[in-house]
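Novice: predicted model, plus sequence, below.
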Amino acid sequence: MPAAITEIQTAMVTLLNGGSFTPALSTVARKYLPVYSLKDLQTLTTTIVPKSRLSKRVSRGQRLVDYEIHVAVQLAVKPDDIDTLDELTLLMESIEDYLFDNPIPLAVPIKPDEIANDPIYDQKKLHEEGIFLSLLTATYRLGFE
């Protein structure tokens with residue numbers, strides 16, 4: 001049986017691959033290290049990456065576990081291509097909305113408790129490498145006895 005965070009990541013991949021976005025997401029993949037060459041980033045790349053796990057005891061026999069998962073979106077762009085950058089920023093909002101509105105397909109479907117878009121884009125990566133990189137961090141909470 002895989003770790004819970006792995007099950008959540010895999011379910012997120014399934015969910016996002018089934019969604020309809022503009023621009024269209026290429027195949028969403030689960031990875032531990034979302035590092036790509038500039039050549040790889042000529043097409044939109046979306047990667048699901050584990051970030052953290054936080055457990056908290058809420059009673060003698062119960063605990064809550066928060067799983068944070070990154071949704072990393074990357075694309076090689078010209079730093080002054082405002083239209084493409086605006087489209088990518090809107091895409092991140094669309095992914096966020098989609099995750100909030102659609103439960104991930106687990107044995108007990110769940111929706112995220114919280115989603116952060118930080119950074120909205122990585123300024124240094126855009127300036128120095130011509131790569132748009134944006135991260136959503138989705139937090140899923142599970143209860144255990």
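Specialist: Yep, it's here. Only a predicted model underlies this, so the values are computations on that prediction, with no experimental measurement involved.

Novice: next one: the residue lying farthest from the centre of the chain from Arg141, what distance?
Specialist: For the chain, the largest distance from the centre (Cα atoms, centre = their mean) belongs to Arg60, which lies 33.2 Å off. Per Cβ to Cβ, to the nearest Å, Arg60 is found 19 Å from Arg141. Backbone N, C-alpha and C define where each C-beta goes, glycine included.

Novice: same question, Arg57
Specialist: 14 Å.

Novice: which one of the two has more residues nearby?
Specialist: Taking other Cβ atoms under 10 Å, Arg57 and Arg141 do not tie; Arg141 has more neighbours (15 against 9).

Novice: tell me what that one is bridged to.
Specialist: Beta-bridge pairing of Arg141 under DSSP bridges involves Asp66.

Novice: export stretch 116-126 as PDB, just CAs?
Specialist: Only the C-alpha atoms of stretch 116-126 are listed here, as PDB (Å, rounded to 0.1, in the frame of the first residue of the first chain):
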ATOM      1  CA  ALA A 116      -1.900  29.000  -1.900                       C
ATOM      2  CA  ASN A 117      -0.300  30.400  -5.200                       C
ATOM      3  CA  ASP A 118       3.200  31.300  -4.000                       C
ATOM      4  CA  PRO A 119       5.000  32.400  -5.900                       C
ATOM      5  CA  ILE A 120       2.500  33.500  -8.500                       C
ATOM      6  CA  TYR A 121       5.600  33.300 -10.700                       C
ATOM      7  CA  ASP A 122       9.300  33.000 -10.000                       C
ATOM      8  CA  GLN A 123      10.700  36.400 -11.000                       C
ATOM      9  CA  LYS A 124      14.300  35.300 -11.000                       C
ATOM     10  CA  LYS A 125      13.700  32.200 -13.100                       C
ATOM     11  CA  LEU A 126      11.700  34.300 -15.600                       C
END
